[in-house]
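*Asks:* Kindly generate the corresponding structure for this input.
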Amino acid sequence: MAGESTLTVDVLTPEGEVFSGEVVQLSTRTVDGEIGVLANHVPVLAGLMPNRLRLRISDSEVEEYAQSHGVLQVFANHAQVLLEEAVPAGELDLSRLETELSGAEARFADPESGEAARAVAGRDLERIKAFIAIAKGE
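*Replies:* Sure, this is the predicted structure:
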């Protein structure tokens, strides 16, 4: 598979390596919008939003993850995806996510919360809502 039509991708979280290998295409969402990365892509450094991360390994094989906030770096036919969290899309627990959503909404709406606590709750809401959409197949 290695060659001019692939690039090396490493997906890393604080817990460790989630994926490492050759892919044909990486697709995700940056703070500025959707991005697709193919072999020999120009250098990129971008912030990532919670969304679906797609790694096309071949025409018939795609790995999908629910990604949290993070950073994408592309340089010299290598992409590093550094994420707070990455969960294989098929392993998302919708009922647990809906429970987390209720808690995050309560924290965000709490009038006693300070600005920093509301900002954390807002980021949590973004992540949870994106993960729920992925779990529902949206």
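
*Asks:* Only C-alpha atoms from now on, for both contacts and neighbour counts.
*Replies:* Noted.

*Asks:* so where's the chain uncertain?
*Replies:* Within the chain, the ranges that satisfy pLDDT under 70 run 1-4.

*Asks:* top helix in the chain by residue count?
*Replies:* Taking DSSP state H as the criterion, the chain has its longest helix at helix 115-135.

*Asks:* Okay, buried residues for it please.
*Replies:* Along helix 115-135, the positions that meet the burial threshold by neighbour count (16 or more other CA atoms under 10 Å) are 118, 121-132, 134-135.

*Asks:* So which bits of the helix or strand harbouring Glu105 are buried?
*Replies:* Secondary structure assignment for Glu105, by DSSP states H and E: helix 94-109. When burial is assessed from 16+ other CA under 10 Å, helix 94-109 yields the following buried residues: 94, 97, 100-101, 104, 107-108.

*Asks:* ok, back up a step: quick one: the longest helix of the chain to helix 94-109, angle?
*Replies:* 150 degrees (axes from the mean of the first three to the mean of the last three CA atoms, to 10 degrees).

*Asks:* Against which helices or strands is helix 115-135 packed?
*Replies:* Where contact means 3 or more CA pairs under 8 Å, 6 or more residues apart in numbering; DSSP states H and E, helix 115-135 is packed against strand 51-56, strand 62-67, helix 94-109.

*Asks:* quick revisit: okay, the buried residues of helix 94-109 in a markdown table with distance to Leu72 next?
*Replies:* Rendered in a markdown table, the data for the buried residues of helix 94-109 read as follows (distance: CA to CA, whole Å):
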| residue | distance to Leu72 |
| --- | --- |
| Leu94 | 27 |
| Leu97 | 25 |
| Glu100 | 26 |
| Leu101 | 26 |
| Ala104 | 26 |
| Arg107 | 29 |
| Phe108 | 28 |
